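Engineer: quick check, what structure comes out for this input:
(2 chains)
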Amino acid sequence: MWIGLTLLLPVVAILITALPVRAAVAGTAAALLAALNVAVAVTIAVQLAAHSPVTLVPGWLAIDSFGGIVLLLETFGALTALLFSVGYLKSPHISDRRRKRYLLWLHLFLLALYAIPLLNELALVWLALTLTTLFSVFLVSFERTPAALEAGWKYALLTTLGAALALLGMLLLYWALTRAGGSDFTWHGLTRAAGKMPVSIVSLAFLLMLVGFGTKAALIPFHAWLPDAYSQAPFPVCAMLSILESVAIPYVILRLVGTLGAVHGSHAPQWLLAFGLVSAGGAALLILQTHEYKRLFAYSTIENTGIILTAGAMTSSHVKQAALWQMIAHGFTKPVVFLAAGIMFMLVGKLRISEVRGVLSKSWVIGSVVMLAGLALAGAPPFAIFLSELAILKNGMMGGQAWVVMLLAAFMIVSFCAITYHLFRMVLGRTPEDSARDRPVIALACRWALVLALVPVLVLGWWMPPFLHHLITGGAAALGGTSP
Amino acid sequence: MVTHPMMSWLNALNQLMAGFFLLCSFGLIAAAQVTGCMRFYVLQSLFLACSAALLGMLDHSTELFIVAGIYIIAKVIMIPVLLKRTAREAMIARRELVQVLGVPSSLLIALGLTLLAYYIALPLTAGANSGIRTGLPIGLAAVFIAVYTITVRREALPQMLSLLAIENGAFFAGDAIAPHFPLIGELAAVFDVLMIVLVLGVLSTQVHRSLGNTTVGSLAQLGED
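Structural biologist: Numbers count the residues shown, from 1 in each chain, chains lettered A, B, ... in the order given. This next block holds a predicted model:
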């Protein structure tokens, strides 16, 4: 019942937006519905902690602990992004028609995003993932400047290219499934048939899907679209794209590896480990040399996706739990970072790091929130990312994969130093002489969105709700792995 | 029941379709105008549909007959109509397309990609039926060639049509290797194709209006500096 509600609420939001009401009304209604959806996701999560999976239509719509985590992060991110969007859309240079169009695309995007952890049939999961791209293209190019249109085009073309490659992989996987005597193309059906699938076909299928979905998640070296898309998209859209890339897509990839890792000789975990490490390392270096804070945070999304995938591919089941913890920590932290950056942009009006100085002296509230969010993202104590990264390193060491842990630790340190370096330069420092800008009015909705998004970041470093703990242990079981 | 001589005849016909299908991929590289690209895409979809129907007879798969019908409706009829609606301005701009690499060298590379596809596919098809031995390498080759075409094309619509050609290639292989693939999957893919045409068609019109042309490759405003 609750699962159906998750998908129904965005549909209601779409219908309200389609009604002839003012965009402000539609936006407020949508924010309320999104709040309701967070409550639904928490209810599902609590149910899952007691009994997994929760099923609505057997074989089609069901969710287990891992999916519960993903849904929780998606709905919460959506709530804060929607609330922030209500404030962002108040800007007088956006017409009411375009405001409604923005809301409509955002709701369609969210509908596809929520469907990913709920759907069981692999072909439909693929469709939902592909639609998230197509529905977010006009959000990325929303500003309609030539640069925004170019970014939108690049984003659409490259990620759809990835989806097409994943489609070929999926068809090959189905072939392997029928060769093993199965016909049930669901996560469950694949797990059952995994032992009998021909290795050569599964390997090719997995590689194609990894490259395909990896392009959507902007794994290095398939990240060409990402810096442009993030630098052009509105801030709340960046927050949602981050959730897509660091939560929803890793969910699909890790699920796939958990299933296909059982095919002896497929080397799926090893491939994932390599891709994850390259992404984490490459992104850490990109963070170091970037000139724009929006891109800085975009690269940090790649880095975290890389860390999550690497940890998810390691053998010990404790590391896999830590991977899910990292997913939760980053999934709650990233929206705060982008929303805080959005408010900072309203204050300073610049995107280049070198042109932003002394935010703290202009507004100590915004300055300290940006500082807080940035430190939480970089992995400073006492925030959740610090703890989850530590858990990955510690359990990885105990699981006997020391060289992976060493590399990960090095990448984490590089990105920590790079993020804090850029952050300190922006927040502290002297205000440039020519910055006699008027203090902008920051919409109430934006402020509330930020406050709301800050709550889990401040809480999770100290206390984790018991149901979340259950979800992590249950979710890690879906990823396979050996207990040490 | 299909008799044995009938089977071999159908197989031969299917191989002919596969040949035409691959030729269209080469055509997509060589076409000099947007309308030419679209004709090759539509033609390729038609061969895809014929091949699906033939495989339906060979594999006794009712699904594939339905799939062939879906291809005709969606790819051969709806896509050209949708494209003419959403991207009219870019479509009728009759002028030579820009390519990064000349056509002869591109065709040579495409030939190499076809060989690569055979090299990858043949070990997988050991012991499989004739449909798979034809479909998998040709489908893979079409996918590779279309990916290559995207990288050398510099304008929005030819890039999009190559994107759709990748999907054609995937399904050319898919219809052969998975004749009983769930219909819902095929429907999902076709829905996806139509959404691509809608979204990218509208976007290319916006690009066209804001820049006067759709040479997206020459937009060099963005990029890490």
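
Engineer: in what helix or strand does residue 27 lie?
Structural biologist: No chain in the question, so chain A it is. When elements are assigned from DSSP states H and E, A:Gly27 belongs to helix A:23-50.

Engineer: my bad, chain B
Structural biologist: Going by DSSP H and E, B:Gly27 is in helix B:4-30.

Engineer: is that helix up against chain A anywhere?
Structural biologist: No: using Cβ under 8 Å from any Cβ of the partner chain, helix B:4-30 stays clear of chain A, with a minimum separation of 13.9 Å. From N, CA and C alone the C-beta is placed, and that goes for glycine too.

Engineer: sorry, back to before: tell me what the helix holding A:Gly27 is packed against?
Structural biologist: In terms of contacts (3 or more Cβ pairs under 8 Å, 6 or more residues apart in numbering or on different chains; DSSP states H and E), helix A:23-50 is packed against helix A:2-18, strand A:54-57, helix A:65-88, helix A:96-118, helix A:466-477.

Engineer: if we go by neighbour counts, what in the shortest one is buried?
Structural biologist: Buried residues in strand A:54-57, counting neighbours by 16 or more other Cβ atoms under 10 Å in any protein chain shown, are found at A:54, A:56.

Engineer: pick out the residue nearest the middle of chain B.
Structural biologist: B:Ala165 (2.2 Å; Cα atoms, centre = their mean).

Engineer: let me know the pLDDT of A:Phe411.
Structural biologist: Note on A:Phe411: pLDDT of 97.

Engineer: lowest-scoring secondary structure element of chain B by mean pLDDT?
Structural biologist: Lowest mean confidence among the helices and strands of chain B (mean pLDDT, DSSP states H and E): helix B:88-92, at a mean of 73.

Engineer: who are the contact partners of A:Leu260?
Structural biologist: A:190, A:194, A:202, A:206, A:266, A:268 (Cβ atoms under 8 Å, 6 or more residues apart in numbering or on different chains).

Engineer: and it, how far is that from chain B?
Structural biologist: Note on A:Leu260: its distance to chain B, by Cβ to the nearest Cβ, to the nearest Å, is 16 Å.

Engineer: local confidence estimate at that residue?
Structural biologist: 88.

Engineer: please name the nearest non-neighbouring residue to it.
Structural biologist: A:Ala268 (4.6 Å; Cβ to Cβ, 6 or more residues apart in numbering or on different chains).

Engineer: ok, back up a step: which of the helices and strands packed on helix A:23-50 is buried the deepest?
Structural biologist: helix A:65-88 (a mean of 27; mean count of other Cβ atoms under 10 Å in any protein chain shown).

Engineer: for that one, which helices and strands make contact with it?
Structural biologist: Going by 3+ Cβ pairs under 8 Å, 6+ apart, helix A:65-88 lies up against helix A:23-50, helix A:96-118, helix A:235-243, helix A:249-260, helix A:317-348, helix A:444-460, helix A:466-477.

Engineer: quick one: the second one near chain B?
Structural biologist: This points to helix A:96-118. No: contact of helix A:96-118 with chain B (Cβ under 8 Å from any Cβ) is absent, the minimum separation being 9.8 Å.

Engineer: what's the first helix or strand after that helix?
Structural biologist: helix A:122-140.

Engineer: average pLDDT for that following helix?
Structural biologist: Rounded mean pLDDT across helix A:122-140 is 94.

Engineer: beyond it, next helix or strand please.
Structural biologist: helix A:146-179.

Engineer: any idea how far that next one is from the chain center?
Structural biologist: Relative to its parent chain, helix A:146-179 has a centroid offset of 18 Å by Cα atoms, centre = their mean, to the nearest Å.

Engineer: what of stretch A:200-213?
Structural biologist: With Cα atoms, centre = their mean, you get 22 Å for stretch A:200-213.
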